[in-house]
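**Student:** the following block contains a protein sequence and its predicted model.
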Number of protein chains: 2
Amino acid sequence: MADPSTTPPLTRASVLAAHSLIKPYIHETPVLTNTTFDQLASTPRTPEELQGTEWEATERPANPKIRFWFKCENFQRIGAFKARGAFHAVERLKQTEGLEGLKKGGVVTHSSGNHAQALSLAARENGIPAHIVMPTISPPPKIAATKGYGANITFSGSTSTEREAVTREVIEKTGARLVPPYDHPDIILGQGTAALELQRQVAASLSTSGTTTTTNRRRLNAIITPCGGGGLLSGTALACSDLSPSDPSTPGPILVFGAEPSFSGADDGRRGYYSGTRIESVKSLTIADGLRTPLGAYPWSIIYERKLVAGMYSVGEEEIKKALRLVYERMKVVVEPSAVVGLAVALFNEEFRSMVEREGGEEGWDLGVVFSGGNVELAALGRLFGEE
Amino acid sequence: MADPSTTPPLTRASVLAAHSLIKPYIHETPVLTNTTFDQLASTPRTPEELQGTEWEATERPANPKIRFWFKCENFQRIGAFKARGAFHAVERLKQTEGLEGLKKGGVVTHSSGNHAQALSLAARENGIPAHIVMPTISPPPKIAATKGYGANITFSGSTSTEREAVTREVIEKTGARLVPPYDHPDIILGQGTAALELQRQVAASLSTSGTTTTTNRRRLNAIITPCGGGGLLSGTALACSDLSPSDPSTPGPILVFGAEPSFSGADDGRRGYYSGTRIESVKSLTIADGLRTPLGAYPWSIIYERKLVAGMYSVGEEEIKKALRLVYERMKVVVEPSAVVGLAVALFNEEFRSMVEREGGEEGWDLGVVFSGGNVELAALGRLFGEE
């Protein structure tokens, strides 16, 4: 991995530069809107719906006005935003180390998820070997998918100590460069490019829709993204920082929010954010399996220390399932459970909804929601929905 | 229902007129492309893959070149192309009968599927009562969905005699106008509008993609749609008939093909087409549950008698499931089993593939595939994929 001391500064300009680097390799994913979801989010929840939740004593459920803009990274290459960070990390390594050296040593990471596939793809397209360290207990379809991208797989035990030991062995043997899944500036800058596209796509759509006037110009007010290790959230925060009000294509400010599952401590980011101390270990089996990781140090510095994220919110497993079902039934797109946690916050978290009501007022908010990925095992999906 | 003798002629011009009428009510659904599917379809199937199929003795599997254009009617209102026909039928009734009379008597149909929801929606948006006759044994979610669109539901037995008797009772009691699901010119003309959009969308995309030259201009060569009652297929055939080679936005000819499940006789359209006699009764429990109906008389007149459809093909249940899984995994869109039968033909039917190889030659074909709908019960999907 490129030495962090030589990486670009963590600014919006660096996200723009990252976007130029990776553009030839990634999809500009579509942005979808949906009136059913807008209506749902803009209707106060009923006392019956709030029964059994932490808000059941609420006297007056929140009544925000929300217009959604869904950034569909489930349609991204390898089916998730992770392609952005991986391609950017590889491009940066090509710049700093040269392609020839990389072709000899290759790149390495430990992951059983979307990052493994993203790095394998980015390596393959550059003719670079990819070494992926995966726990022996990884689901066979994930192993097959990663092999399908041409990666060399090395199995390890499933604790982080075991994984890291095997990764070091691979590095010693091959000279491969480590590309971590989220805790590195190059990864963060790559992930931030999704929010750049979203800003432009919404601005373009609003400027042609005829609903805007010079006196009352609608624009993206905020973006909410899922938060696991924090690469996507902190990259989004950088992409929305230093927005120039004079640039009509990206009028600011755009607030950025993080969304996490609350199940068995997966809301480490939220707890850390409001207590002022980063939580470094998480053990949660939330169905949002991409969000079981603790927040990394670089993301933390952007999200908390630089205060580029305006708030962190969490939702329970039932609310994630409900949002997931709604997306399949009403939007007809395939998303993984992690992808809908931001939507679940906007639909079901009274704290978030009250804040939008207060800040958005009569006019309401245009809210960007990043659907982070669509890699769900169909059998697992079957079990999830088959139960009911 | 408007008396068929007063309906517009079954021509491309009438499909264009239908499109103008329904445009304010329907979505122009997106057209997706996908290189993974193009590669899959453009690779000969292996002897292993052909084992156990009717083509296992094939010496040289077909090697067509196919570029897909997926018309996503799963993103249409009510989640299926049926919205087009229903809105058109209601618009035509408004023209011929007047809105006031319709508001008193309403409209009626017997259906438990997408047509029921489509007609309910079209009626509701015009302030017209909708009466839907459904078998008592209909799945509760379908009943709930149709009620959700504000329809009055009357239950009947499940034979066609019982259904029709109850429908007549409703008509006598309310004066409602019958809007059949497929066997009527107004319905057929409405369904054909999806193919009109597809023609224009592909032409626009190819003319800006820079891949076209004046000497070697790429264009849509063919469209394949699922075929149940035949409304979508015959409407598509009309939309592709009489194409003027001088109109650059719709260069012809565009061949039209129908796709059916072969399971337990659901390929009635194909059998009728090649034997010259319409098959009027079908009893199949294919997983493509939208395609369990026999071909209607009006569709037959277009598909067979006027020869506006160039061929009919069928595929087995396993091939439909395989295509369905691929669409969920690779395209990340939610489709119902019926929707992928055309894709399954292009991927797995050697007869179709040989024909494309022969007709398309070196350059291959740009093939439009209509994804007809996305209304799948998630629990059923769970069982389908959970088994494996």
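**Tutor:** Done, it's in.

**Student:** report the buried residues of the helix or strand that contains residue A:144.
**Tutor:** Using DSSP states H and E, residue A:144 falls within helix A:140-148. Residues A:142, A:143, A:145, A:146 are the ones in helix A:140-148 that count as buried (16 or more other CB atoms under 10 Å in any protein chain shown). Where you see a C-beta, it was placed from the backbone N, CA and C, and this is true even at glycine.

**Student:** do stretch A:168-185 as well
**Tutor:** Applying 16+ other CB under 10 Å to stretch A:168-185 flags A:170-171, A:174, A:176-185 as buried.

**Student:** can you pick out the most distant pair from the residues you listed?
**Tutor:** A:174 and A:185 (23.9 Å; CB to CB).

**Student:** can you name the residue of the stretch 1-150 of chain A nearest chain B?
**Tutor:** Using CB to the nearest CB, residue A:74 is the residue of the stretch 1-150 of chain A that sits closest to chain B, at 4.7 Å.

**Student:** so what's that residue up against?
**Tutor:** Residue A:74 is in contact with A:80, A:333, A:334, A:335, A:336, A:339, A:371, A:372, A:373, A:374, B:332, counting by CB atoms under 8 Å, 6 or more residues apart in numbering or on different chains.

**Student:** repeat that for 6 Å
**Tutor:** Residue A:74 makes contact with A:335, A:371, A:373, A:374, B:332 under the criterion CB atoms under 6 Å, 6 or more residues apart in numbering or on different chains.

**Student:** specify the local secondary structure of it.
**Tutor:** Following DSSP: H, G, I helix; E, B strand; the rest coil, the label given to residue A:74 is helix.

**Student:** follow-up on the earlier one: list of residues touching the following helix or strand past the helix holding residue A:144?
**Tutor:** Using DSSP H and E, the helix or strand that directly follows helix A:140-148 along the chain is strand A:152-156. Applying CB under 6 Å, 6+ apart, the external contacts of strand A:152-156 come out as A:131, A:132, A:133, A:134, A:136, A:162, A:163, A:166, A:170.

**Student:** let's see 10 Å
**Tutor:** With CB atoms under 10 Å, 6 or more residues apart in numbering or on different chains as the test, strand A:152-156 has contacts from A:106, A:108, A:110, A:112, A:116, A:120, A:123, A:129-138, A:143, A:146-147, A:162-167, A:169-170, A:173-174, A:176.

**Student:** next, the buried residues of that strand.
**Tutor:** Of the residues in strand A:152-156, A:152, A:153, A:154, A:156 count as buried by neighbour count, 16+ other CB under 10 Å.

**Student:** neighbouring strands - and their directions - for it?
**Tutor:** strand A:130-135 (parallel) (DSSP bridges).

**Student:** report the angle between the partner strand and helix A:140-148.
**Tutor:** 170 degrees (axes from the mean of the first three to the mean of the last three CA atoms, to 10 degrees).

**Student:** which of the residues in strand A:130-135 are buried?
**Tutor:** For strand A:130-135, by 16+ other CB under 10 Å, it's A:130, A:131, A:132, A:133, A:134, A:135.

**Student:** from those, which is closest to residue A:53?
**Tutor:** Among the buried residues of strand A:130-135, residue A:135 lies closest to residue A:53 (CB to CB), at 35.0 Å.

**Student:** bridged to that closest one, which residues?
**Tutor:** Beta-bridge partners, per DSSP bridges, of residue A:135: residue A:156.

**Student:** check contacts around it.
**Tutor:** Contacts for residue A:135 (CB under 10 Å, 6+ apart) come out as A:110, A:111, A:112, A:143, A:155, A:156, A:157, A:158, A:159, A:162, A:163, A:166.

**Student:** pull the number of nearby residues for residue A:57.
**Tutor:** By other CB atoms under 10 Å in any protein chain shown, 8 other residues sit near residue A:57.

**Student:** relative to residue A:50, how far out is it?
**Tutor:** 9 Å (CB to CB, to the nearest Å).

**Student:** then residue A:109?
**Tutor:** Counting by CB to CB - residue A:109 and residue A:50 are separated by 43 Å.

**Student:** list the buried residues in the strand or helix carrying residue A:83.
**Tutor:** Element membership of residue A:83 [criterion: DSSP H and E] is helix A:82-97. Buried residues in helix A:82-97, counted by 16+ other CB under 10 Å: A:82-94, A:96.

**Student:** now stretch A:311-321 - C-alpha only, CSV.
**Tutor:** Extracted in CSV, the C-alpha atoms of stretch A:311-321 (Å, rounded to 0.1, in the frame of the first residue of the first chain):
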residue,chain,number,x,y,z
GLY,A,311,-24.8,13.0,13.0
MET,A,312,-24.9,9.2,13.4
TYR,A,313,-28.2,7.2,13.7
SER,A,314,-29.0,3.5,14.2
VAL,A,315,-32.0,1.2,13.5
GLY,A,316,-32.9,-2.3,14.7
GLU,A,317,-33.0,-5.6,12.7
GLU,A,318,-36.7,-5.5,12.1
GLU,A,319,-36.5,-2.0,10.7
ILE,A,320,-33.7,-3.1,8.3
LYS,A,321,-35.8,-6.1,7.2
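
**Student:** centre of the chain to it, how far?
**Tutor:** Distance, stretch centre to chain centre, for stretch A:311-321: 15 Å (CA atoms, centre = their mean, to the nearest Å).

**Student:** before we move on, back to that, sort the buried residues of helix A:82-97 by pLDDT and name the bottom one.
**Tutor:** Among the buried residues of helix A:82-97, residue A:96 has the lowest pLDDT, at 93.

**Student:** isn't it right up against residue A:7?
**Tutor:** Yes. Judged on CB atoms under 10 Å, residue A:96 makes contact with residue A:7 at a distance of 9.0 Å.

**Student:** which strand or helix spans residue A:61?
**Tutor:** Here residue A:61 is assigned to no helix or strand, by DSSP H and E.

**Student:** over to residue A:20?
**Tutor:** Short version: residue A:20 belongs to helix A:12-22, going by DSSP H and E.

**Student:** partner strands of whatever helix or strand comes next after that helix, parallel or antiparallel?
**Tutor:** Heading C-terminal from helix A:12-22, the first helix or strand you meet, by DSSP H and E, is strand A:31-32. Sheet neighbours of strand A:31-32, with direction, are listed as strand A:66-72 (antiparallel) (DSSP bridges).

**Student:** rewinding a little: can you redo the contacts of residue A:135 as TSV with pLDDT?
**Tutor:** Below are the contacts of residue A:135 laid out as TSV (pLDDT from 0 to 100):
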residue	pLDDT
A:110	92
A:111	87
A:112	81
A:143	89
A:155	95
A:156	94
A:157	91
A:158	82
A:159	85
A:162	92
A:163	91
A:166	96
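
**Student:** which of these sit farthest apart?
**Tutor:** A:143 and A:159 (18.7 Å).

**Student:** before we move on, back to that, between the buried residues of helix A:140-148, which is closest to residue B:235?
**Tutor:** Among those, and counting by CB to CB, the member closest to residue B:235 is residue A:145, at 39.2 Å.

**Student:** what's the helix or strand for the residue nearest to that closest one when sequence neighbours are not counted?
**Tutor:** In space, and not counting its chain neighbours, residue A:145 is closest to residue A:117: 5.8 Å by CB to CB, 6 or more residues apart in numbering or on different chains. Assigned by DSSP H and E, residue A:117 falls within helix A:114-125.

**Student:** by how many degrees do that helix and helix A:140-148 diverge?
**Tutor:** 20 degrees.

**Student:** for helix A:114-125, which positions count as buried?
**Tutor:** Neighbour-count burial for helix A:114-125 [16+ other CB under 10 Å]: A:114, A:115, A:116, A:117, A:118, A:119, A:120, A:121, A:122, A:123.

**Student:** my read: residue A:16 touches residue A:200, true?
**Tutor:** No. In this structure, residue A:16 is not within contact of residue A:200 by CB under 10 Å, at 11.0 Å.

**Student:** now do the contacts for residue A:33.
**Tutor:** So residue A:33 contacts A:67, A:68, A:69, A:70, A:202, A:205, A:331, A:366 (CB under 10 Å, 6+ apart).
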